[in-house]
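Trainee: I'll drop the sequence and a predicted model, then ask my questions.
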Amino acid sequence: MPLDAICLRAVSEELSGRITGMRIDKVYQPERDMLILQLRGASGSSRLLISAGSGDARIHLTEHRQDNPASPPMFCMLLRKHITGARIKGVAQIPAERVLELSLEAPDAIHVISDKRLIVEMIGRFSNIILVGGDGIITDCLRRTGGEIADKRAVLPGLLYRPPPPQEGKTDPMSVTEEKWQELFDSARLAVFGNTADKWLISTFYALSPLICRELSYRAYSETDRRFETIGDGGERLRGEFFKLMKEANAGVFEPVTIISGDMAPYDYSYTVIRQYEGAMSCGTADSFSEMLDEFYTESARKRRVKQRAAAMSRTVKTARDRIARKLSQQHAELAKTAERDSLRECGDIITANFHNIRKGQNILAAQDFYSGDEAIREIALDPFRTPQQNAAKYYKDYTKAKNAAVYLSEQISMGESELIYLQSVIDQIEIADEEGDMSEIRAELEQTGYLKTQKPGREKKKGEVSPMRFVSSTGLQILAGRSNIQNDRLTLKTADKSDVWLHVTKVHGSHVVISCRDQAADETSLLEAAAIAAYYSAARGAGKVPVDYTQVRNVRKQPGGRPGMVLYTQYKTIIATPDEELVKRLRCG
């Protein structure tokens with residue numbers, strides 16, 4: 001959800017206790033809509049992230065590093081000039097609004113201390129970061145908004161700063177009385193047939209997000225969209241849940257909660273436990289709102305980048321796969337036609353045996369078919385402009401051509417089918433990839449195999465080699481898993497010791513997994529955990545029970561002429577494993 005006003009209040013109170021008194025040591029602008037303030041104080045150093053993005057406006061402390069541009073943007077340079085060395089006097093929120101102010105004591109060029117305010121407006125596509133002097137005049141801002149429209153607020157250097165106007169027709173939920181609430185409810189219930197409780201809440205009160213409005217409806221009536229005409233208690237339960245939540249908010253009782261979807265990805269967040277998903281999603285708690293927001297947006301951004309890269313690569317590979325599939329279909333049809341090539345040779349033999357019976361200009365030869373085993377007559381088409389010898393030679397030539405085509409097409413079909421299997425394995429790898437390192441490895445593989453152009457044509461890219469995924473079993477054995485087909489080859493055929501245990505899901509595309517046991521027998525616990533890892537990083541991730549083959553690395557060899565990742569193995573055993581994401585995350589260490 002967007003950072004609503006009540007959640008921002010929780011963030012404001014938390015930041016006030018943690019960064020008040022600290023000094024701004026450095027200012028960075030890693031992205032167009034993002035600032036990083038390096039803070040230092042008696043308790044150590046911290047990094048404050050401020051974002052004015054239309055979909056991710058927020059402010060919180062961060063532990064994640066951001067890459068900075070080679071040259072800082074102009075707004076970043078201005079902030080360095082005005083607030084570097086400034087002391088944070090306090091953090092305050094405009095009541096019930098998504099606007100936060102950092103009050104600063106900042107030295108100027110001659111070390112005269114003056115008051116300044118860094119104002120963060122987190123209001124959707126109008127989000128902004130504004131530096132205001134002690135006199136209330138705007139020094140500069142991230143986004144300059146002109147006054148072309150008379151009733152539109154202008155945000156420009158040199159103008160007096162005015163806060164965003166309150167939303168017309170809405171009420172502050174944190175100060176409304178129960179009598180006023182009931183009056184608003186009753187009038188809305190009579191005025192609009194078919195209205196729902198959650199929509200009424202969001203249209204009547206500001207500072208409430210759609211998520212919270214649905215949650216209040218669910219807590220009151222076990223439905224997120226309860227219709228007014230079905231509410232038989234006059235809104236009593238909804239009113240009770242509403243004021244219970246507002247009482248907690250006014251008392252500063254907040255809980256940083258992350259909503260996690262079924263695939264364990266962060267889906268949303270809130271300042272109170274969310275129950276409306278009824279087990280379809282779960283709630284996780286964090287130690288602080290900064291930690292919650294930092295992890296949520298970092299993980300969301302990472303997954304978004306991985307998803308975008310995966311979609312682009314998947315389209316390329318699927319296009320190549322479909323092209324090969326169409327080509328194979330044509331080749332199979334052509335190969336089927338060559339199956340009749342023996343009749344061409346037989347026709348040539350029959351013509352040769354009947355040279356003396358063929359007249360000039362004859363276009364059909366009706367002669368005994370001595371290949372049929374009886375006295376049947378075969379009719380053979382002739383070219384009347386060719387001699388009998390030339391007609392026979394033409395049939396022999398067509399026979400030879402068909403025979404050679406059958407050999408060539410069989411080879412091409414075999415290669416095409418192998419390539420089709422390989423491309424499907426790449427598609428499966430892309431679908432299970434969940435890290436940028438995985439995508440980098442897959443891209444390098446596609447560049448090496450010619451399906452993607454290198455990013456710098458004519459020059460070999462210099463980049464560090466991404467290591468295989470690393471896990472440690474419950475008994476302390478190291479487990480490695482390949483991120484791509486090329487890395488699978490490297491891990492199995494070069495990195496692993498011959499006595500290590502190798503695992504792979506039976507007849508399904510997936511990662512090669514190796515237990516590093518070095519001449520020791522892998523214990524049963526490590527074997528089962530490695531099998532679960534192999535099942536998770538395979539195309540069978542969504543299955544319940546998955547057969548996994550395992551053997552020593554010495555029994556695995558490269559498939560002759562095979563594409564990356566294709567191997568043959570012998571002397572193996574099979575165990576049943578379950579793809580377990582929680583286990584994989586618990587054992588993961590690199």
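Mentor: On my side now, so go ahead. Treat the numbers as computed from the prediction; the structure is a model and nothing was measured. Residues are numbered from 1 along each chain as shown.
Trainee: which residues touch Glu105?
Mentor: Contact analysis of Glu105 by C-beta atoms under 8 Å, 6 or more residues apart in numbering lists Ala86, Arg87, Lys89, Ile113, Ser114, Asp115, Lys116. (Each C-beta comes from the backbone N, C-alpha and C, glycine too.)
Trainee: Which segments of the protein make up each domain?
Mentor: 5-141, 335-414, 469-587 (automatic domain parsing).
Trainee: where do the helices sit along this structure?
Mentor: 5-19, 74-83, 178-191, 197-204, 210-221, 236-250, 289-338, 341-353, 388-432, 436-448, 485-490, 524-536, 581-587 (DSSP state H).
Trainee: show me where pLDDT drops low in the stretch 451-590 of the chain?
Mentor: 455-465, 590 (pLDDT under 70).
Trainee: now the stretch 51-200 of the chain
Mentor: Within the stretch 51-200 of the chain, the segments meeting pLDDT under 70 span 147-151, 192-193.
Trainee: just the stretch 251-400 of the chain next, same as before
Mentor: Those would be 263, if you go by pLDDT under 70 across the stretch 251-400 of the chain.
Trainee: Lys199 and Ala188, how far apart?
Mentor: 10 Å (C-beta to C-beta, to the nearest Å).
Trainee: coming back round to it: ok, which of the domains of the chain comes nearest Val253?
Mentor: domain 5-141 (9.3 Å; C-beta to C-beta).
Trainee: chain center to that closest one, what's the gap?
Mentor: 30 Å (C-alpha atoms, centre = their mean, to the nearest Å).
Trainee: Phi and psi next, for Val273.
Mentor: Main-chain torsions, Val273, degrees, to the nearest 10: phi -60, psi 130.
Trainee: Tell me how far it lies from Tyr218.
Mentor: Applying C-beta to C-beta to Val273 and Tyr218 gives a distance of 12 Å.
Trainee: Also Ala311?
Mentor: 34 Å.
Trainee: again, but for Ser114
Mentor: For Ser114, the distance to Tyr218 - C-beta to C-beta - is 50 Å.
Trainee: Please apply the same query to Ala402.
Mentor: 72 Å.
Trainee: cool, and Met174?
Mentor: 21 Å.
Trainee: what do you get for Ser282?
Mentor: Applying C-beta to C-beta to Ser282 and Tyr218 gives a distance of 16 Å.
Trainee: residues of stretch 126-136 that come out buried?
Mentor: Neighbour counts over stretch 126-136 (16 or more other C-beta atoms under 10 Å) mark Ser127, Asn128, Ile129, Ile130, Leu131, Val132 as buried.
Trainee: wait, stretch 241-255
Mentor: Result for stretch 241-255 [16+ other C-beta under 10 Å]: buried residues Glu241, Phe242, Phe243, Leu245, Met246, Ala249, Phe254.
Trainee: Any chance you could list what contacts it?
Mentor: So stretch 241-255 is contacted by 6-7, 9-10, 13, 173-174, 178, 181, 201, 212, 216, 219-220, 271-273, 285, 289 (C-beta under 8 Å, 6+ apart).
Trainee: Show me which of the residues you listed are buried.
Mentor: 6-7, 9-10, 173-174, 181, 201, 212, 216, 219-220, 271-272, 289.
Trainee: Taking those residues together, which two end up most distant?
Mentor: Using C-beta to C-beta, the two most remote members of the buried ones among the contacts of stretch 241-255 are Trp181 and Phe289, lying 27.5 Å apart.
Trainee: and the residue lying closest to Glu334 once chain neighbours are set aside, how far is that from Glu346?
Mentor: Closest residue to Glu334 apart from its sequence neighbours, by C-beta to C-beta, 6 or more residues apart in numbering: Leu409 at 5.8 Å. Distance of Leu409 to Glu346, computed by C-beta to C-beta: 22 Å.
Trainee: Compare those two (neighbour count), which wins?
Mentor: Taking neighbours as other C-beta atoms under 10 Å, Leu409 and Glu346 compare with Leu409 leading, 21 against 18.
Trainee: Just to check, Asn195 is in contact with Ser187?
Mentor: No. Counting by C-beta atoms under 8 Å, Asn195 does not reach Ser187; the two are 11.4 Å apart.
Trainee: who's more crowded, those two?
Mentor: Asn195 (15 against 11).
Trainee: contacting residues for the more buried one?
Mentor: By C-beta under 8 Å, 6+ apart, Asn195 lies in contact with Ala188, Arg189, Arg227, Phe228.
Trainee: I'd like to know which of these are buried.
Mentor: Ala188, Arg189, Phe228.
Trainee: Surely the second one and Phe228 touch.
Mentor: When you say that, I think you mean Arg189. Yes. Judged on C-beta under 8 Å, Arg189 makes contact with Phe228 at a distance of 4.8 Å.
Trainee: how many neighbours does Leu35 have?
Mentor: For Leu35, the count of nearby residues is 23 (other C-beta under 10 Å).
Trainee: that older thread, would you reformat the contacts of Glu105 as TSV and include distance to Thr506 and neighbour count?
Mentor: Output for the contacts of Glu105, formatted as TSV (distance: C-beta to C-beta, whole Å; neighbours: other C-beta atoms under 10 Å):
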residue	distance to Thr506	neighbour count
Ala86	63	25
Arg87	64	17
Lys89	65	15
Ile113	72	12
Ser114	72	14
Asp115	70	14
Lys116	66	19
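Trainee: In TSV: the helices of the chain, plus distance to Pro157.
Mentor: Shown next, in TSV, are these (distance: least, C-beta to C-beta, whole Å):
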stretch	distance to Pro157
helix 5-19	26
helix 74-83	9
helix 178-191	41
helix 197-204	35
helix 210-221	36
helix 236-250	36
helix 289-338	30
helix 341-353	85
helix 388-432	48
helix 436-448	39
helix 485-490	53
helix 524-536	54
helix 581-587	49
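Trainee: out of these, nearest to Gln478?
Mentor: That would be helix 524-536 among the helices of the chain, by C-beta to C-beta, at 9.4 Å.
Trainee: Are there helices or strands packed against that closest one, and which ones?
Mentor: For helix 524-536, the packing partners by 3 or more C-beta pairs under 8 Å, 6 or more residues apart in numbering; DSSP states H and E come out as strand 469-472, strand 478-481, strand 501-505, strand 513-516, strand 546-552, strand 573-577, helix 581-587.
Trainee: in it, what counts as buried?
Mentor: For helix 524-536, the neighbour count (16+ other C-beta under 10 Å) marks Ser526, Leu527, Leu528, Glu529, Ala530, Ala531, Ala532, Ile533, Ala534, Ala535, Tyr536 as buried.
Trainee: distance of the fourth one from Leu583?
Mentor: Pointing back at Glu529 there. For Glu529, the distance to Leu583 - C-beta to C-beta - is 7 Å.
Trainee: One more: the third one?
Mentor: In this structure, Leu528 and Leu583 are separated by 9 Å, where distance is defined by C-beta to C-beta.
Trainee: before we move on, back to that, among the domains of the chain, which is nearest Glu445?
Mentor: domain 469-587 (4.4 Å).
Trainee: What's the end-to-end length of the closest one?
Mentor: 11 Å (C-alpha to C-alpha, to the nearest Å).
Trainee: Likewise for stretch 58-76?
Mentor: 18 Å.
Trainee: Residues contacting it, please?
Mentor: Taking C-beta under 8 Å, 6+ apart as the rule, stretch 58-76 contacts 3, 11, 15, 18-19, 27-32, 34-36, 46-51, 80, 100, 120, 122, 129, 140-142, 288-290, 293-294, 297-298.
Trainee: can you do 6 Å?
Mentor: Residues outside stretch 58-76 that contact it (C-beta atoms under 6 Å, 6 or more residues apart in numbering): 3, 28-30, 46-51, 100, 120, 142, 290, 293-294, 298.
Trainee: Give me the buried positions along it.
Mentor: Here stretch 58-76 shows Arg58, Ile59, His60, Leu61, Thr62, Pro72, Phe75, Cys76 as buried, counting by 16+ other C-beta under 10 Å.
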